[in-house]
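1. when you get a sec, could you give me coordinates for this:
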Amino acid sequence: MNRFRVGSDLLCEMAASTQQIRDEWLALRCQHGDPSAFADLVREMERPLMYFVAKLIGDQDAALDVLQEVWLKTFRTIGRLAKPQQLRPWLYQLARGLAIDRVRKDRADTRREQEHAADPTVWTDEPIFGVEEADAVHRALDALDLKYREVLVLHFLEELSVSEVAVIVNCPEGTVKSRLYHAKKVLRSALGGT
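-> Purely as a prediction, here's the structure:
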C-alpha cells in the first residue's frame with residue numbers, strides 16, 4: 001500500500017509537471033505571436049476559468065461577462081508575463097481579481113437599488129443540475145464564504161497546488177491550508193457528513 005501511495009504521488013507530480021510544461025509552451029507561443037496560440041489558450045482554459053468565475057460570482061451571465069474581460073486583459077498583457085511556466089496561476093489571478101471587482105460592483109449596485117426602491121427584489125438565478133448529488137454539492141459550495149469557496153474550487157476542482165492557490169488569492173500557504181480545512185469541514189457538515 002505504501003508503494004502504491006509513493007507511485008500515485010509520483011504520477012501526480014509528473015502530471016503537474018507535464019501540465020506546467022504545456023502551459024509554458026502555450027504562453028511562449030502567445031508571447032511570440034503564433035496566430036493560433038491564443039485560440040489554443042482559450043480552448044484549454046475557458047471551461048476551468050468559467051467554472052471558477054461562476055463559483056465566485058454565483059451568476060452564469062455575469063461570469064460570462066467577466067470571462068470575456070479576462071480574455072481581453074490576457075490578450076493585451078500576456079506579452080508581459082515574466083514567468084511563462086506560471087501561466088495557469090496568472091490566469092486564475094486575473095480571473096479572481098476581475099470576479100471580485102464584479103462582486104463588489106454588484107453588491108454596491110444592489111445596495112443603491114435597495115436604498116432607492118420601495119420593495120427590493122430578491123435575486124434567485126441558480127443553475128439547475130440534473131444529478132441530485134451535484135446539486136447538493138453546488139448549493140453547499142455556493143453557501144460557503146467567498147474566501148473558502150475560492151480555495152476549494154482552485155485546489156480540488158482545478159487541481160492547483162496550495163502554493164499556486166496562495167499566489168492566486170494573495171495570501172500565505174498556511175492561510176490557504178487553514179481555509180481548505182475550514183471549507184472542507186463546513187462542506188462536509190452541509191452535505192450531512194460528520
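2. tell me the confidence at A118?
-> pLDDT for A118: 42.
3. what residue lies at the spatial centre of this protein?
-> F52 (3.1 Å; Cα atoms, centre = their mean).
4. go ahead and confirm it touches A95.
-> Yes: between F52 and A95 there is a contact at 6.0 Å, judged by Cβ atoms under 8 Å. Any C-beta I mention is one placed from the backbone N, CA and C, and that applies to glycine too.
5. so which elements touch the one helix or strand F38 maps to?
-> Using DSSP states H and E, F38 maps to helix 37-57. When contacts are defined as 3 or more Cβ pairs under 8 Å, 6 or more residues apart in numbering; DSSP states H and E, helix 37-57 packs onto helix 2-31, helix 60-77, helix 87-116, helix 146-152.
6. just checking, which helix or strand of the protein averages the lowest pLDDT?
-> When the helices and strands of the chain are scored by mean pLDDT, DSSP states H and E, helix 2-31 comes last with a mean of 75.
7. hmm, who's touching stretch 98-108?
-> With contact meaning Cβ atoms under 8 Å, 6 or more residues apart in numbering, stretch 98-108 is reached by F52, V53, L56, I57, A62, A63, D65, V66, E69, V70, K73, L146.
8. no no, stretch 159-179
-> If you take Cβ under 8 Å, 6+ apart as the criterion, stretch 159-179 is touched by 16, 86, 88-89, 92-93, 96, 147-148, 150-151, 154-155, 180.
9. got the CA positions of that stretch in CSV?
-> Only the C-alpha atoms of stretch 159-179 are listed here, as CSV (Å, rounded to 0.1, in the frame of the first residue of the first chain):
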residue,chain,number,x,y,z
GLU,A,159,-6.2,20.8,-9.1
LEU,A,160,-3.9,23.7,-8.4
SER,A,161,-1.2,23.2,-5.7
VAL,A,162,-1.5,25.0,-2.3
SER,A,163,1.4,27.3,-3.4
GLU,A,164,-0.3,28.2,-6.7
VAL,A,165,-3.6,28.9,-4.8
ALA,A,166,-1.7,31.1,-2.4
VAL,A,167,-0.3,33.1,-5.3
ILE,A,168,-3.7,33.5,-6.9
VAL,A,169,-5.6,34.6,-3.7
ASN,A,170,-2.6,36.6,-2.5
CYS,A,171,-2.1,35.1,1.0
PRO,A,172,0.4,32.7,2.7
GLU,A,173,0.2,29.0,2.1
GLY,A,174,-0.6,28.4,5.8
THR,A,175,-3.7,30.6,5.3
VAL,A,176,-4.7,28.6,2.2
LYS,A,177,-4.3,25.3,4.2
SER,A,178,-6.4,26.7,7.1
ARG,A,179,-9.1,27.9,4.7
